[in-house]
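>>> Next comes the sequence, and after it the predicted model I'd like to discuss.
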Amino acid sequence: MQSLSTLTTQARRVAGPPAAAAGCCLIRMTVPTAAVTSLRQLAMRVCGDGLEFMRIAICAGGQRIDVWLCVRLSCVAALSHAITRQLPDACFGAAS
């Protein structure tokens with residue numbers, strides 16, 4: 001039986017990183033595992049319908065989670081500001 005980490009890695013290789021829809025921005029970050037629910041709630045509160053999708057994947061070791069947030073361009077600044085204030089352990093990656 002394969003571990004969850006192995007299955008996640010294999011799924012990530014097959015699916016690749018998600019693509020942002022037109023008029024949207026894809027924000028990539030990693031957060032501690034315990035902060036994923038708080039991040040989801042924060043994104044919904046700040047963006048509302050401007051949150052197109054949120055994808056998560058477990059990082060190696062299981063202590064952190066890779067997160068991709070696809071949000072409308074009008075929400076990017078407010079969401080980034082809210083995340084840096086309320087989730088200081090979040091590490092932003094490249095945004096596209």
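Arrived safely, thanks for sending.
>>> contacts, neighbours, all on C-alpha from now
Will do.
>>> mind checking how far the helix or strand that contains Thr84 is from the chain centre?
Element membership for Thr84, per DSSP states H and E: helix 76-86. Put simply, helix 76-86 sits 13 Å off its chain's centre (C-alpha atoms, centre = their mean, to the nearest Å).
>>> ditto for stretch 37-46
11 Å.
>>> Counting neighbours, which bits of it end up buried?
Within stretch 37-46, the residues that qualify as buried by neighbour count (16 or more other C-alpha atoms under 10 Å) are 39, 42-43, 46.
>>> Between all of those, which two are separated the most?
Pairwise distances across the buried residues of stretch 37-46 (C-alpha to C-alpha) peak at 10.4 Å, for the pair Leu39 and Val46.
>>> check contacts around the most centrally placed residue in the chain.
For the chain, Val67 is the residue whose C-alpha lies nearest the centre (C-alpha atoms, centre = their mean; 2.3 Å). Contact analysis of Val67 by C-alpha atoms under 8 Å, 6 or more residues apart in numbering lists 28-31, 54-57.
>>> In its sheet, which strands sit next to the host helix or strand of it, and in what direction?
Secondary structure from DSSP H and E places Val67 in strand 64-72. Looking at strand 64-72 with DSSP bridges, its partner strands are strand 24-32 (antiparallel), strand 51-58 (antiparallel).
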